[in-house]
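Student: Got a predicted structure here, sequence first:
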Amino acid sequence: MGKGKKYDYRIAKNRKNWKAEIIRQVTSRKTVVSKRKTGFLTEAEAKNWAENELQSFIENLSKRNERRAKQREQRNEKDEDKN
């Protein structure tokens with residue numbers, strides 16, 4: 001089984017404007033849009049926004065995961081102290 005990217009971005013053209021979406025791979029067949037912005041005049045603007053937003057999105061996720069890991073450790077320590 002290959003390991004692909006869980007988060008990526010996708011750029012598409014609407015009638016007159018471009019849109020950028022941050023997408024998450026849920027299963028091998030299903031993706032979900034996590035964040036979207038429309039109204040870009042050029043593809044380059046949309047790509048720039050998507051790359052920057054994807055980077056900050058992943059940084060925020062890693063910070064949240066660290067916080068939750070610390071909370072989990074504290075919760076487990078309290079459970080061990082009770083037993």
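Tutor: Received, thanks.
Student: Just give me the longest strand of the chain.
Tutor: Ranked by number of residues, the top strand in the chain under DSSP state E is strand 31-40.
Student: Direction included, what does that one pair up with?
Tutor: strand 18-25 (antiparallel) (DSSP bridges).
Student: among the helices and strands of this structure, which has the poorest mean pLDDT?
Tutor: The weakest-scoring helix or strand in the chain, judged by mean pLDDT, DSSP states H and E, is helix 43-82 (a mean of 92).
Student: show me the contacts for the closest residue to Thr42 other than its chain neighbours.
Tutor: What sits nearest to Thr42 in space, not counting adjacent residues and going by CB to CB, 6 or more residues apart in numbering, is Trp18, at 6.7 Å. (Glycine included, C-beta is placed from N, CA and C.) Applying CB atoms under 8 Å, 6 or more residues apart in numbering to Trp18 gives the contacts 11-12, 38, 40-43, 45-46.
Student: can you do 10 Å?
Tutor: Residues near Trp18 by CB atoms under 10 Å, 6 or more residues apart in numbering: 11-12, 37-47, 49-50.
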